[in-house]
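S.K.: need coordinates for the following:
(one chain, ligands or ions: 1)
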Amino acid sequence: MKTLNVGMIGYKFMGRTHSNAWRQVDKFFSVPAKPVLHTVCGRDAAGVKKAAKQLGWSHVATRWQDVVANPEIDILDINTANDTHAQIAIAAARAGKHVLCEKPLAMNVREAEAMLAAVKKAGVVHMVCHNYRRIPAIVLARKMIAAGDLGKIYHYRARYLQDWIVDPEFPLVWRLQGKIAGSGTHGDINAHIIDLGRYLVGEFAEICGHLETFIKEQPIAGTKKKGRVTVDDAALTIGKFKNGALACLEASRFALGRKNHIQVEVNGSKGSLVFDFEDMNRLRYYNDADPVDRKGYRDILVTEGVHAYASAWWPPGHIIGYEHTFVHTVADFIQAVVKGKSVQPTFEDGLQNQKVLAAVEKSAKTRRWVKV
Ligand code: SOE
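M.R.: Residues are numbered from 1 along each chain as shown. Got it, this is the predicted structure:
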């Protein structure tokens, strides 16, 4: 069987989810090539060595440039802080590597455009890791919406809530620093529900947004000092899609009790769909054509062999979780690399997402509606 050597930059939380996916994928999916966990890279030599051992990588590197320059590497998987995505992805594309990049694709629209231009010029396969697209229930929702089961779409309502920085003593990590993260909650988790909106309903036409920073200073780790939080803690967006549907998005890292709470609801002229990540194997469907005495939301357990990705795993009803979304992502990526095809969400999608993020930022600053 053909093999593909993977180089991965960044080995912390996202790097662990990706490592697990690269390791599992050919055991469950009949992919046309077997990924080899060739090199993992991180700046901390001891940390990356330990991670390589735990996660199953054969080689370690402390400079991403060395991984990009290694002719043995076929795929570059980027899991670093946002301010390095562009330089790594562009260098990787120039070196002929296929690129999988964590979201948000870039720090801003300009960087995302440069990244897209580089991968297109090099003719490599490019993909942004919006893993929630690859939940079978979300794939089913898209299929039903595209088939017209919901009729004309009126509303896309989504919230993505976490609570991990509510504590005023939480350290000023990179995700709270604008220079490294670009934005806060906005690019980190609002980007996911923007992506789901584009995937399920279509392109955004115009936006009105508000960004809020509740705690302006957080402690600098290892010191007694505090540093300024230069990103948003919460992002509220209303918007209109090109097809006339309305969007209402709420993203916050200040919602106590909400750990990784993602809810999506779509209402159309013929019915509605509801998805809740904490019950991610299920899609709730309201069909207005049901007899009046039976009307109500029905639960679809999205684990049948006919559902996306499901036949690769367990028998119906034996549920899957968060980590599987990354396995699905890399399974589709490998197919695309071997067939030389494109795979969504591409860097084009990443750029479009970045334009929506930028429109929200502009709207929040100018207190006006902004066209995307
Ligand atoms: C942190 O907020 C984070 O890890 C995000 O960066 C991921 O994209 C999300 O899936 C979980 O939360």
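
S.K.: when you work out contacts or count neighbours from here on, use the C-alpha atoms and nothing else.
M.R.: Noted.

S.K.: where along the stretch 251-372 of the chain do the strands fall?
M.R.: Listed in chain order, the strands of the stretch 251-372 of the chain (DSSP state E, counting those that start in this stretch) span 261-268, 271-276, 282-287, 298-301, 370-371.

S.K.: nearest to residue 129, of those strands?
M.R.: With respect to residue 129, and counting by CA to CA, the nearest of the strands of the stretch 251-372 of the chain is strand 261-268 at 16.7 Å.

S.K.: by how many degrees do that closest one and strand 271-276 diverge?
M.R.: Here strand 261-268 runs at an angle of 180 degrees relative to strand 271-276 (axes from the mean of the first three to the mean of the last three CA atoms, to 10 degrees).

S.K.: next, the angle strand 282-287 makes with strand 261-268.
M.R.: Strand 261-268 runs at 20 degrees relative to strand 282-287, counting by the same axes, to 10 degrees.

S.K.: could you dump the strands of the stretch 251-372 of the chain into JSON lines with mean pLDDT added?
M.R.: Listed next are the strands of the stretch 251-372 of the chain as JSON lines, based on pLDDT from 0 to 100:
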{"stretch": "strand 261-268", "mean pLDDT": "98"}
{"stretch": "strand 271-276", "mean pLDDT": "99"}
{"stretch": "strand 282-287", "mean pLDDT": "98"}
{"stretch": "strand 298-301", "mean pLDDT": "98"}
{"stretch": "strand 370-371", "mean pLDDT": "98"}
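
S.K.: what are the boundaries of the helices in this protein?
M.R.: With DSSP state H as the criterion, the chain has helices at 13-28, 45-55, 64-69, 85-94, 109-122, 136-146, 178-181, 185, 191-200, 322-339, 347-366.

S.K.: ranking those helices by burial, who's on top?
M.R.: Comparing the helices of the chain by mean neighbour count (mean count of other CA atoms under 10 Å), helix 185 ranks first with a mean of 26.

S.K.: run through who's touching it.
M.R.: 231-235, 251-253 (CA atoms under 8 Å, 6 or more residues apart in numbering).

S.K.: in the residues you listed, find the pair that's most separated.
M.R.: Longest distance between any two of the contacts of helix 185 is 13.3 Å, between 231 and 251; criterion CA to CA.

S.K.: measure residue 249 to residue 161 for me?
M.R.: Residue 249 sits 11 Å away from residue 161, going by CA to CA, to the nearest Å.

S.K.: now for residue 2, how many residues are close by?
M.R.: 9 (other CA atoms under 10 Å).

S.K.: would you mind measuring from it to residue 361?
M.R.: Distance, residue 2 to residue 361, using CA to CA: 45 Å.

S.K.: residue 135 too?
M.R.: 29 Å.

S.K.: identify the bridge partners of residue 263.
M.R.: residue 159, residue 276 (DSSP bridges).

S.K.: go ahead and confirm it touches residue 279.
M.R.: No. Using CA atoms under 8 Å, residue 263 is not in contact with residue 279; the gap is 9.9 Å.

S.K.: check contacts around residue 329.
M.R.: 129, 131, 134.

S.K.: actually, residue 47.
M.R.: No contacts exist for residue 47 under CA under 8 Å, 6+ apart.

S.K.: residue 307 - nearest residue in space that isn't next to it in sequence?
M.R.: Nearest non-adjacent residue to residue 307, counting by CA to CA, 6 or more residues apart in numbering: residue 136, 6.3 Å away.
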